[in-house]
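Student: the following block contains a protein sequence and its predicted model.
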Amino acid sequence: MTTPEDQAVVPRPTLAQVAARAGVSLKTASRALGGESYVSEKTLASVLAAAAELDYQRNAAASLLASGRLADSIGLITGDFTNPFYSALAQAIEDEIRPHGMHLSVANSRESAEQEQRVAHDLADRQTKAVITVSATQDHADYAQLQARGIPVVFVDRPAENVEADSVVFDNREGGRLAARHLIDAGHRRIAFIGDYAWLPTYRERLAGMGDVLDSTDADWRDLLRTDAHDIASSRACMRDLLALADPPTAVVAGNNRILLGVMEEIAESSSPSPAVIGFDEPEWAQVLGISAVTGDVEALGRQAARLAVARLGDRTRSFENVVLPMRLIARRSTASGER
């Protein structure tokens, strides 16, 4: 028989209890969990450990009742609003969470680690239920502060580093292999790769995949590598440099959709022979122009990230997941062997 004592609700841990366990003042505990930068690393570590031990979560409902703001939102941090990849990702996430009664808040980091940190803590302060991030930082330890405040964090497109969290990414290394094998099979030996920022895990994995294939062949490609082509202008400059070589590449791999646009713009205005072109990601215009592409299912990427966030909200004790989605090659006339 169940007694009233058995049915008693266990009170939620309070901020005061977190402060007491960490041996700090209430104000210091609040500052640490709020992500304020002037809290020492030692104090921050103590407060986060205490919060984790007590399974402390900020009382979002009380704050929201006081402020009149809605709680049922998930925040998405992207790198660039102008990139159609991110709009497709946002749409997929929103489609997945809406049946759960939640809406999506989207913020832009502009690929700045500092801005991303500010945006993440701002979303947390606005009582976002979870944060999904295409992170512009190389060390994600700071996100442990959000997790300690009871806010799940999911990394999408770029994996988590130095923090335990859910993530969903494409198999970019296999994508690099697909691009390289396709060009080698078409008879190319001078193969250029124009990549994004060298620190990006997507760039590193795609480059590694190409190396898996090309380094064991007679292909000349390492001296044709160009990096830090983050926008259309820098991509065009890299393509211009490659076309001006005494022995230009016969094939070019564009590291993402924005780089591909810059590459195609430069080729269109150049009088040099056009190389074969293969791009990563697939903007809508790539099919119209017959451009070969290595791509993944962005809708599946977004929906899986949303599912991980919703699942974490339902069960915070579940094991963290690292989901890797496949990439595929779509061969079109831009890499047809007779057109190089």
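Tutor: Thanks, I have it.

Student: could you find the closest non-adjacent residue to A254?
Tutor: Once flanking residues are discounted, A254 sits nearest to L260: 3.8 Å by Cβ to Cβ, 6 or more residues apart in numbering. Using the backbone N, CA and C atoms, a C-beta is placed for each residue, glycine as well.

Student: need the CA coordinates for the helix or strand that neighbour falls within. PDB is fine.
Tutor: According to DSSP states H and E, L260 maps onto helix 257-269. C-alpha atoms of helix 257-269 as PDB (Å, rounded to 0.1, in the frame of the first residue of the first chain):
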ATOM      1  CA  ASN A 257      28.400  25.600 -51.100                       C
ATOM      2  CA  ARG A 258      29.700  29.200 -50.700                       C
ATOM      3  CA  ILE A 259      33.100  28.200 -52.000                       C
ATOM      4  CA  LEU A 260      31.500  26.500 -54.900                       C
ATOM      5  CA  LEU A 261      29.700  29.700 -55.800                       C
ATOM      6  CA  GLY A 262      32.900  31.600 -55.800                       C
ATOM      7  CA  VAL A 263      34.700  29.000 -57.900                       C
ATOM      8  CA  MET A 264      31.900  29.000 -60.500                       C
ATOM      9  CA  GLU A 265      31.800  32.800 -60.700                       C
ATOM     10  CA  GLU A 266      35.600  32.900 -61.300                       C
ATOM     11  CA  ILE A 267      35.500  30.200 -63.900                       C
ATOM     12  CA  ALA A 268      32.700  31.900 -65.700                       C
ATOM     13  CA  GLU A 269      34.700  35.100 -66.100                       C
END
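
Student: now it: how far from the chain's centre is it?
Tutor: Centroid separation between helix 257-269 and its chain, computed with Cα atoms, centre = their mean, to the nearest Å, is 23 Å.

Student: likewise stretch 242-259?
Tutor: On Cα atoms, centre = their mean, the centre of stretch 242-259 falls 25 Å from that of its chain.

Student: for I74, see how far away I93 is.
Tutor: To I74, I93 is 7 Å away according to Cβ to Cβ, to the nearest Å.

Student: what's the overlap in contacts for these two?
Tutor: 104, 132, 306 (Cβ atoms under 8 Å, 6 or more residues apart in numbering).

Student: what would these look like in CSV with secondary structure?
Tutor: Formatted as CSV, those follow (DSSP: H, G, I helix; E, B strand; the rest coil):
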residue, secondary structure
L104, strand
I132, strand
A306, helix
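
Student: list the contacts of the residue nearest to A254.
Tutor: Contacts of L260 by Cβ under 8 Å, 6+ apart are 235, 254, 277, 279-281, 283, 286, 291.

Student: try V298
Tutor: Neighbour list for V298: 85, 88-89, 92 [criterion: Cβ under 8 Å, 6+ apart].

Student: who's in contact with the host helix or strand of L123?
Tutor: Assigned by DSSP H and E, L123 falls within helix 113-125. Contact with helix 113-125 is made by 34-35, 75, 77, 105, 107-109, 131, 133, 135-138, 142-143, 145-146, 149, 151, as judged by Cβ under 8 Å, 6+ apart.

Student: the residues you listed, buried ones only, as a ChimeraX selection?
Tutor: Buried residues among the contacts of helix 113-125 (16 or more other Cβ atoms under 10 Å), as a ChimeraX selection:
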select :35,75,77,107,108,109,131,133,135,136,137,142,143,145,146,149,151
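
Student: please report phi then psi for E164.
Tutor: E164 adopts backbone torsions of phi -80, psi 120, taken as degrees, to the nearest 10.

Student: just the helices in the stretch 101-250 of the chain please.
Tutor: Here the stretch 101-250 of the chain has its helices, by DSSP state H, counting those that start in this stretch, at 113-125, 143-148, 172-185, 201-214, 232-243.

Student: of the contacts of V298, which is the nearest to A160?
Tutor: L89 (17.0 Å; Cβ to Cβ).

Student: isn't the closest one up against I77?
Tutor: No - taking contacts as Cβ atoms under 8 Å, L89 lies outside contact range of I77: 11.1 Å.

Student: list residues touching both of those two?
Tutor: V134.

Student: can I get the contacts of V298 in JSON lines with secondary structure, distance to A50 and pLDDT?
Tutor: What follows is those, written out as JSON lines (DSSP: H, G, I helix; E, B strand; the rest coil; distance: Cβ to Cβ, whole Å; pLDDT from 0 to 100):
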{"residue": "F85", "secondary structure": "helix", "distance to A50": "40", "pLDDT": "93"}
{"residue": "A88", "secondary structure": "helix", "distance to A50": "41", "pLDDT": "94"}
{"residue": "L89", "secondary structure": "helix", "distance to A50": "35", "pLDDT": "96"}
{"residue": "A92", "secondary structure": "helix", "distance to A50": "37", "pLDDT": "97"}
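
Student: of the residues you listed, which is the most crowded?
Tutor: Among the contacts of V298, L89 has the most neighbours (other Cβ atoms under 10 Å), with 25 neighbours.

Student: tell me how many other residues crowd the closest residue to it other than its chain neighbours.
Tutor: Closest residue in space to L89, ignoring its immediate chain neighbours: G302 at 4.5 Å, by Cβ to Cβ, 6+ apart. The number of residues packed near G302 is 27, by other Cβ under 10 Å.

Student: so who does G302 touch?
Tutor: Per Cβ under 8 Å, 6+ apart, neighbours of G302: 88-93, 95-96, 156.

Student: and the angle from the helix holding L260 to helix 232-243?
Tutor: Interaxial angle, helix 257-269 versus helix 232-243 (axes from the mean of the first three to the mean of the last three Cα atoms, to 10 degrees): 50 degrees.
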